[in-house]
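Chemist: have a look; sequence and predicted model below, questions after that.
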Amino acid sequence: MKHSIKVSGNQAMIFLKDKIYVSDASLLRDDILLIIDQGITDLKMDLSGLTYIDSSGLGTLVTINKRTKEKSGRLVLTGAQGLPMDLIKRTRLDKVFNIE
């Protein structure tokens with residue numbers, strides 16, 4: 001998995017590409033929780049380049065969503081398609097996340 005983060009003020013745009021497995025999920029979680037703890041709580045995550053996500057990756061998204069809400073922020077998922085979107089729907093996380 002490759003990810004990049006662009007920060008502007010209190011907002012961050014996160015781009016995910018390829019696949020998220022267990023080892024990738026912990027790195028992604030650590031990177032994003034660090035910026036949330038620095039006060040950047042308005043997050044938009046672009047999943048259009050993501051082709052696969054496992055349960056640990058979904059858990060990471062849940063953790064990030066929870067932390068942004070705790071800090072009075074929000075996480076918006078954009079561009080989800082294919083298998084990642086199917087898994088989000090099957091696990092009913094589409095009811096939890098803000099998805100555009």
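Modeler: Perfect, I can see it now.
Chemist: use CA for all of it now, contacts and neighbours both
Modeler: Will do.
Chemist: next, count neighbours for the nearest residue to Lys71 once chain neighbours are set aside.
Modeler: Using Cα to Cα, 6 or more residues apart in numbering and skipping residues adjacent in sequence, the residue nearest Lys71 is Thr41, 6.7 Å away. Neighbour count for Thr41, taken as other Cα atoms under 10 Å: 26.
Chemist: tell me, which strand in this structure spans the most residues?
Modeler: When every strand of the chain is counted residue by residue (DSSP state E), the longest turns out to be strand 42-53.
Chemist: pull up the gap between Asp46 and Ile5, please.
Modeler: Between Asp46 and Ile5 the distance, using Cα to Cα, to the nearest Å, works out to 10 Å.
Chemist: of the two, which one has the most company?
Modeler: Looking at Asp46 and Ile5 with other Cα under 10 Å, you find the greater number of neighbours at Asp46, namely 19 against 16.
Chemist: residue boundaries of the helices in the protein?
Modeler: Remark: helices of the chain, listed N- to C-terminal, are 22-37, 55-70, 82-90; assignment by DSSP state H.
Chemist: one step back: helices or strands next to the longest strand of the chain in the packing?
Modeler: Contact here means 3 or more Cα pairs under 8 Å, 6 or more residues apart in numbering; DSSP states H and E; on that basis strand 42-53 packs against strand 11-20, strand 74-78, helix 82-90.
Chemist: can you name the residues that contact the residue nearest to the spatial centre of the chain?
Modeler: Within the chain, the residue whose C-alpha comes closest to the C-alpha centroid is Leu61; the distance, by Cα atoms, centre = their mean, is 4.5 Å. Leu61 makes contact with Arg29 under the criterion Cα atoms under 8 Å, 6 or more residues apart in numbering.
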